[in-house]
Structures are given as C-alpha cells and as structure tokens.
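1. Based on what follows, work out the 3D shape:
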Amino acid sequence: MDQVSTRGRIIEVVGEVVSNKMNKTISVKIFRMVRHEKYSKYLKKASVFKAHDEKNEAKIGDTVKIHETRPMSKTKRWALSEIIEKAKV
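-> Numbering: from 1, shown residues only. Modelled structure (predicted):
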C-alpha cells in the first residue's frame, strides 16, 4: 500500500525580499499584526527570515511565499515556495 503521510501542516508565509546578496539565500521581511495587551491597539511587527533559494531566482523587491523546512544553516530554516509577484523595475 502506498500511503503518503505528512508530518504536520505546512507553515507558509508571504513577504518581500529585502536582500539577495548571499549565494542561494534570500532575506524575506514578514509583517504581522500584534494586539497590545493593555491598550488593545494593533501594532505592525516585522521579522526578517533567511530562506533557501536554490536557483537564485528571487530579486530584491519581489513578493514571495516561503515555507518552513529543516535547518539548513545556523540561521536558515525557511525555503522559497514560489515568487508571487516580480518587483517593478
């Protein structure tokens, strides 16, 4: 019997490429909304993730989708899924 088993849900996020200077690695900036405990105001928080880009195809300004993967280096735990929108030159 051939059964495909997954290890859990795939975590995917969408962000913007802020750096592609490294070989096969891009830096992706992700924004999320966080509610302040006391004042109940929503704040925009940003995080930068390093993602694996096997073909070096993502450029600065591109909107990309990345997914969580096994650790590939000290700081790289994400991989490029797809390029959603190319940067306007």
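
2. Buried ones in stretch 78-89, by neighbour count?
-> Trp78, Leu80, Ser81, Ile83 (16 or more other CB atoms under 10 Å). Placement of C-beta: from N, CA and C, glycine included.

3. model confidence over it, on average?
-> Stretch 78-89 shows a mean pLDDT of 94.

4. List phi and psi for the residue nearest the centre of the chain.
-> Here the mean C-alpha position of the chain is nearest to the C-alpha of Ile66 (CA atoms, centre = their mean), at a distance of 3.9 Å. Backbone torsions of Ile66, given as degrees, to the nearest 10, read phi -120, psi 150.

5. I'd assumed Glu82 was in contact with it.
-> No: the pair Ile66 and Glu82 does not pass the contact test of CB atoms under 8 Å, sitting 9.1 Å apart.

6. Now the common contact residues for those two.
-> Counting by CB atoms under 8 Å, 6 or more residues apart in numbering, Ile66 and Glu82 have no contacts in common.

7. where in the protein is pLDDT low?
-> 1-6 (pLDDT under 70).

8. Now do the strands in it.
-> Using DSSP state E, the strands of the chain run over 12-19, 25-35, 42-52, 63-68, 76-85.

9. and the fourth one, which residues are buried?
-> The reference is to strand 63-68. For strand 63-68, by 16+ other CB under 10 Å, it's Thr63, Val64, Ile66.

10. Equivalent analysis for the second one, please.
-> Within strand 25-35, the residues scored as buried using 16+ other CB under 10 Å are Thr25, Ile26, Ser27, Val28.

11. Count the residues that sit near the closest residue to Trp78 other than its chain neighbours.
-> Nearest in space to Trp78, with sequence neighbours left out and distances taken as CB to CB, 6 or more residues apart in numbering, is Ala51 at 4.0 Å. Residues near Ala51, counting by other CB atoms under 10 Å, number 26.

12. Correct me if wrong: Ala51 contacts Ser73.
-> No: using CB under 8 Å as the test, Ala51 is too far from Ser73 to be in contact (11.2 Å).
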